[in-house]
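Enquirer: Sequence and predicted structure below; questions after.
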Amino acid sequence: MAIETEPQPRVCDRALVRAFEFLGKRWNGVILATLQTGASTFSELRRAVGGISDSVLSERLVELTTAGLITRTVDAGPPVAVAYTLTDSGTALLPALNELTTWATENLTD
């Protein structure tokens with residue numbers, strides 16, 4: 001006689017939930033992907049990431065820096081220049097971001 005067991009609820013992996021909470025925040029993944037070609041200034045990022053406001057870009061750069069995914073480097077100049085680059089942790093995300101880009105190109109319609 002078989003013993004019936006109650007089905008176990010599905011639980012999403014907590015690490016995946018944390019990753020999407022962070023990367024799913026608008027612009028974070030796009031900013032990281034934009035930095036894959038090298039260091040960029042605030043103005044270069046604003047132009048590359050069309051549609052983002054200065055205040056939101058500033059907020060996201062602080063979040064990405066605090067998370068250890070990018071670094072902010074200040075060159076005292078003159079003139080003073082600030083550049084943003086990926087850290088090793090940020091660079092480690094690039095294969096996943098590139099795969100998402102490929103998937104979106106192949107599966108999402110405009």
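Expert: That came in fine, so what should we check first? Numbers count the residues shown, from 1 in each chain.

Enquirer: quick check: mean pLDDT across the lengthiest helix in the chain?
Expert: Once the chain is assigned using DSSP state H, the helix that runs over the most residues is helix 88-107. Mean pLDDT, computed over helix 88-107, is 94.

Enquirer: So which elements touch that helix?
Expert: helix 28-34 (3 or more C-beta pairs under 8 Å, 6 or more residues apart in numbering; DSSP states H and E). Every C-beta, even on glycine, is put in place using the N, C-alpha and C of the backbone.

Enquirer: So which elements touch the helix or strand that comes right after the helix it packs on?
Expert: Sequence-wise, the next helix or strand beyond helix 28-34 is helix 42-48, with elements assigned using DSSP states H and E. With contacts defined as 3+ C-beta pairs under 8 Å, 6+ apart, the secondary structure elements packing on helix 42-48 are helix 28-34, helix 54-66, strand 81-86.

Enquirer: Comparing the ones you listed, which comes out most buried?
Expert: Most buried of the helices and strands packed on helix 42-48, by mean neighbour count (mean count of other C-beta atoms under 10 Å): helix 28-34, with a mean of 19.

Enquirer: Identify all contacting residues around that helix.
Expert: With C-beta atoms under 8 Å, 6 or more residues apart in numbering as the test, helix 28-34 has contacts from 22-23, 40, 45, 48-49, 57, 60-61, 63-64, 69-70, 86, 90, 93-94, 97-98, 100-101.

Enquirer: List the residues that contact the nearest residue to Ser40 once chain neighbours are set aside.
Expert: Of all residues not flanking Ser40 in the chain, Tyr84 sits nearest, at 5.7 Å (C-beta to C-beta, 6 or more residues apart in numbering). For Tyr84, the contacting residues are 35, 39-42, 45, 61, 65, 70-73, taking C-beta under 8 Å, 6+ apart as the criterion.
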